[in-house]
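Novice: Model the following, please.
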Amino acid sequence: MSKHPRWSQEDEAYLAENWGTLAIATLAKNLGRTETGIVIRARRLNLGPFLDSGDYISLNQLITTVTGSKGTYNYKIKSWVQNRGFPIHYKRVGNCRRRIVYLKEFWEWAEKNRNFFDFSKMKPLALGAEPEWVREQRQKDFHSYALQYKKPWTSEEDSRLIMLVKQQRYGYAELSEILQRSTGAIQSRLNNLGVKDRPIKADNHGPRAAWTQKDLDALADGIRHGVSYAKIGQAIGKSEKAVRGKAFYQYLTEDADKIRAMLGGGTWGHGAPEPTVKQGLKLSRTVTSVRKDLSALIGLLQYRIHNLGYDPYWQRFLCAHWSGLHGCMAGCSDCDSCAEFLRISPQYCARCGKTFFERQKNHFCESCRMARKKQAQRKWKRKNCAPKKRERGK
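Specialist: Numbers count the residues shown, from 1 in each chain. You can find the predicted model right below:
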């Protein structure tokens, strides 16, 4: 008599219905059979591979379908999963754990990161039924990327780029249209070739260069609907570089997917983050604001000195009792009748030996103090950050 009972039609129907959905161990437990018996019966019923029978696919299959490449996907794990929160799951097949992706979760994630992909590389219906926005996005990506090469630069293209740049007749937008390369690719190639000449600068002055509310609305709508920066620039009559700069100026990032999440359904500028001190050093709006505040502070200090009545007396700059905020610390009313004048004594730097003049007592000059500060910062970085790098290397 057989050790295991025969397969009934109900058991086979249950196996066919749940093959690829429930784990093999679960199927074996529910049917009262071994895992090997489950796999053998599934082959006899032609149910196909286990990972091809559910509402999911393997991560490797997904990457090959979306990007069109069959290489390793170690970079994708970092770029997709770690940096952008790509949803992956694990399913055990025998003794192996496989990375899988549920298609419903993938489409929800892809809609939030539509500018990250080039959907023109993915064949229609390659993953089955697609959301409505995918077809529209595929057409946009085709028009955006079909006219721009993504292959390595050839020697003929390098020679043509250098020749066009040396003519000093074309800007980045014109070169991008002629060479069918993005402005970022052109700028990077010029740096790699060591070419000192640069394309002519666009006219960023006058009424034509100003951003109107209509331009900002077009920029917001374009980012909201997944249009590339190059196509947005063509629509509003500005270069791709100018559009990218405007996006970074407002949202502190050029990532259109991040801007779309912050922008939401509002107008341009909605949800923009406040810049940090480090970011503010690179933004013209914060630099202008700081300069304006400093100019106002200088005016207040000059007004304060004028009220103190010490403007005609240059001796105050040589006196150790003088304070730029409080005036004479010795209590004198004017420098002509002052009997407490004390010339600032010279000091000698203990590090470089240079003579310097400061009212406060210091062992080092200003440049040496800054150098010592930088040295301490580098020492702290070597002590606290080097072990982490070694751990990553392991």
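
Novice: Backbone torsions only: list them for Ser337.
Specialist: With angles defined as degrees, to the nearest 10, Ser337 sits at phi -100, psi 10.

Novice: what's the neighbour count on it?
Specialist: A count of nearby residues for Ser337, using other Cβ atoms under 10 Å, gives 7. The C-beta positions use only the backbone N, C-alpha and C, and glycine is treated the same way.

Novice: try Asn30
Specialist: Using other Cβ under 10 Å, Asn30 has 14 neighbouring residues.

Novice: Tell me the first helix or strand C-terminal of the helix or strand harbouring it.
Specialist: Here Asn30 sits within helix 24-31, counting by DSSP states H and E. Counting by DSSP H and E, the element after helix 24-31 in chain order, helix or strand, is helix 35-44.

Novice: Output the contacting helices and strands for that next one.
Specialist: In terms of contacts (3 or more Cβ pairs under 8 Å, 6 or more residues apart in numbering; DSSP states H and E), helix 35-44 is packed against helix 9-18, helix 24-31.

Novice: Is it possible to get TSV of the ones you listed that adds distance to Phe86?
Specialist: Shown next, in TSV, are these (distance: least, Cβ to Cβ, whole Å):
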stretch	distance to Phe86
helix 9-18	27
helix 24-31	26
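
Novice: if you compare the ones you listed, which one is most tucked away?
Specialist: Stretch with highest mean neighbour count among these: helix 24-31 (a mean of 16; mean count of other Cβ atoms under 10 Å).

Novice: What mean pLDDT does it get?
Specialist: For helix 24-31, mean pLDDT is 71.

Novice: cool, stretch 276-285 as well?
Specialist: 83.

Novice: distance between the ends of it?
Specialist: From its first residue to its last, stretch 276-285 covers 13 Å (Cα to Cα, to the nearest Å).

Novice: distance between that stretch and the chain's centre?
Specialist: Relative to the centre of its chain, stretch 276-285 is centred 16 Å away, using Cα atoms, centre = their mean, to the nearest Å.

Novice: Which positions in it come out as buried?
Specialist: By 16 or more other Cβ atoms under 10 Å, stretch 276-285 has no buried positions at all.

Novice: who touches it?
Specialist: Under the contact criterion Cβ atoms under 8 Å, 6 or more residues apart in numbering, stretch 276-285 has outside partners 249, 252, 275, 286-287, 290.

Novice: Among the residues you listed, which are located in helices?
Specialist: Of those, the ones assigned to helices by DSSP state H are 249, 286-287, 290.

Novice: These into a markdown table, with extra columns for neighbour count and distance to Gln347?
Specialist: Putting the ones in helices among the contacts of stretch 276-285 into a markdown table (neighbours: other Cβ atoms under 10 Å; distance: Cβ to Cβ, whole Å) gives the following:
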| residue | neighbour count | distance to Gln347 |
| --- | --- | --- |
| Tyr249 | 15 | 45 |
| Thr286 | 15 | 36 |
| Val287 | 12 | 34 |
| Val290 | 12 | 31 |
